[in-house]
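any chance you could fold what I've pasted below:
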Amino acid sequence: MVKTVLLLGSGGMLGQALYKTFREHGFCVCGASRSKADVCFDFRNDRKLAQCVEDVRPDIIVNAAAAVNLELCERDYASAYAVNSRMPSVLAGLCEQHGVYLIHVSTDHFYQGDGNMKHDEQYPVRLVNEYARTKYLGEQLVLLYPHSLVLRTNIVGFRGGERETFTEWAIREIRQQEKMTLYADFYTSPVYVDDFASILIDLMKTEAQGVYNLASKDVSSKKAFILALAEAVFHTHPDYKEASIREAAGVRRADSLGLNTSKIEKLLGYAMPSFQETIQSIKKEYTGRNIKNEISHIRYHK
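So this is what the prediction gives:
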């Protein structure tokens, strides 16, 4: 029996990858976004959200929509709360009403001052900005519905469009030989977006519930990530200056975002992608798609 997936946030980097992967695996997929999707509406509108669920009648809902711009979350907390906290709560209520399996994509922006430590799903969180606060609240509200899965992650990859992803920004800066500012004390466990989508297919088969880290099995600094990307894709060493993320201007950021993937590896029976595998996946897409012209005109928004 073909299962129907309602994918919220289908226009984003992760949403695009999930939409493609779901279709390749035989799911009937309905993508929802503000624009350029199968269904277009503002997810903060409860009535339209409920109508969408009623019309699509999905077996599974995947929520990949979020307000992710840290500066905007600080300036407009109400909007961040509406998208990152309240909407997932409303969605969980609709899933309970219709008996739908809910998968909610969260964040890794919950840890501070631990260096390259790998944090498991039970590790105490530290919420240093409004983005983190609203995303964590969204998690807790989703988990009130028992048949739900929350995924903490850090995805990297390509999207295309008016706003660059971190990976697109890094490749443009390296290619144009710009002098870069690299953070050696900002740690993450980045997973390539298509790898995330493929792993999620396996995870969905288990109908796992609760919180899982879906990320690279390794922890790396942003500096190490960009230097490895430069070497793998361009066989070069970029000009850069080293800086501390704690001295960066703007919104205070969590800096120790490493994730322990033991729980998901035990469930699925295989290891999560390594740091080098993530770098090679990015290289493969960049060289295979010949996308340098696609990302030359857009600018990264942190």
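
show me where pLDDT drops low in the stretch 201-302 of the chain?
Regions of the stretch 201-302 of the chain meeting the criterion pLDDT under 70 cover residues 289-302.

strands of that one, start to end?
Secondary structure of the stretch 201-302 of the chain (DSSP state E, counting those that start in this stretch): strands at 210-213, 220-221, 240-243, 299-300.

quick one: strands adjacent to the second one?
Strand 220-221 has these partner strands in its sheet, going by DSSP bridges: strand 187-188 (antiparallel).

quick revisit: let me know which of the strands of the stretch 201-302 of the chain is tucked in deepest.
Counting by mean count of other CB atoms under 10 Å, strand 220-221 has the highest mean neighbour count of the strands of the stretch 201-302 of the chain, with a mean of 22. (C-beta placed from N, C-alpha, C; glycine too.)

can you lay out the strands of the stretch 201-302 of the chain as CSV showing distance to A232?
Shown next, in CSV, are these (distance: least, CB to CB, whole Å):
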stretch, distance to A232
strand 210-213, 25
strand 220-221, 13
strand 240-243, 16
strand 299-300, 20
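
ok, which of these comes nearest F166?
Nearest of the strands of the stretch 201-302 of the chain to F166, taken as CB to CB: strand 299-300 at 6.6 Å.

need the helices for the stretch 201-302 of the chain, in chain order.
Assigned by DSSP state H, counting those that start in this stretch, the stretch 201-302 of the chain shows helices spanning 222-234, 262-268, 275-289.

looking at these, which is closest to V68?
The minimum distance between V68 and the helices of the stretch 201-302 of the chain falls on helix 222-234, with 16.6 Å, by CB to CB.

off-centre distance for that closest one?
Computed by CA atoms, centre = their mean, to the nearest Å, the chain-centroid distance of helix 222-234 equals 20 Å.

so what angle separates the directions of it and helix 275-289?
40 degrees (axes from the mean of the first three to the mean of the last three CA atoms, to 10 degrees).

so which elements touch helix 222-234?
Helix 222-234 makes packing contacts with helix 166-175, strand 180-183, strand 187-188, strand 240-243, helix 275-289 when contacts are defined by 3 or more CB pairs under 8 Å, 6 or more residues apart in numbering; DSSP states H and E.

give me the nearest residue to S79, chain neighbours excluded.
Closest residue in space to S79, ignoring its immediate chain neighbours: A67 at 6.4 Å, by CB to CB, 6 or more residues apart in numbering.

what about that neighbour, how many neighbours?
Counted by other CB atoms under 10 Å, the residues lying close to A67 total 20.

go on, S274?
S274 is flanked by 13 other residues according to other CB under 10 Å.

now do the phi/psi pair for it.
Main-chain torsions, S274, degrees, to the nearest 10: phi -80, psi 170.

can you show me the strands along the stretch 51-200 of the chain?
For the stretch 51-200 of the chain, strands defined by DSSP E, counting those that start in this stretch occupy the ranges 60-63, 101-105, 148-152, 155-156, 163-164, 180-183, 187-188, 191-192.

out of the ones you listed, which comes closest to D120?
Nearest of these to D120, taken as CB to CB: strand 148-152 at 10.1 Å.

and the contacts of that closest one?
Defining contact as CB atoms under 8 Å, 6 or more residues apart in numbering, one finds that strand 148-152 is touched by 92, 95, 101-108, 110, 121, 139, 142-143, 200, 203, 208-215, 259.

name every strand pairing with it and say which way it goes.
strand 101-105 (parallel), strand 210-213 (parallel).

so how far is R159 from C73?
As for C73, its distance to R159 is 20 Å (criterion: CB to CB, to the nearest Å).

these two: which has the busier surroundings?
Looking at C73 and R159 with other CB under 10 Å, you find the greater number of neighbours at C73, namely 24 against 21.

mean pLDDT lowest for which of the strands of the stretch 51-200 of the chain?
In terms of mean pLDDT, the lowest-scoring of the strands of the stretch 51-200 of the chain is strand 163-164 (a mean of 84).

M204 contacts D59, doesn't it?
No: shown here, M204 and D59 do not form a contact pair, counting by CB atoms under 8 Å, at 10.0 Å.

what do these two both touch?
Common neighbours of M204 and D59 (CB under 8 Å, 6+ apart) are Y101.

burial count for K179?
9.

counting neighbours, what do you get for the residue nearest to L149 when sequence neighbours are not counted?
Of all residues not flanking L149 in the chain, I103 sits nearest, at 4.8 Å (CB to CB, 6+ apart). Using other CB under 10 Å, I103 has 23 other residues around it.
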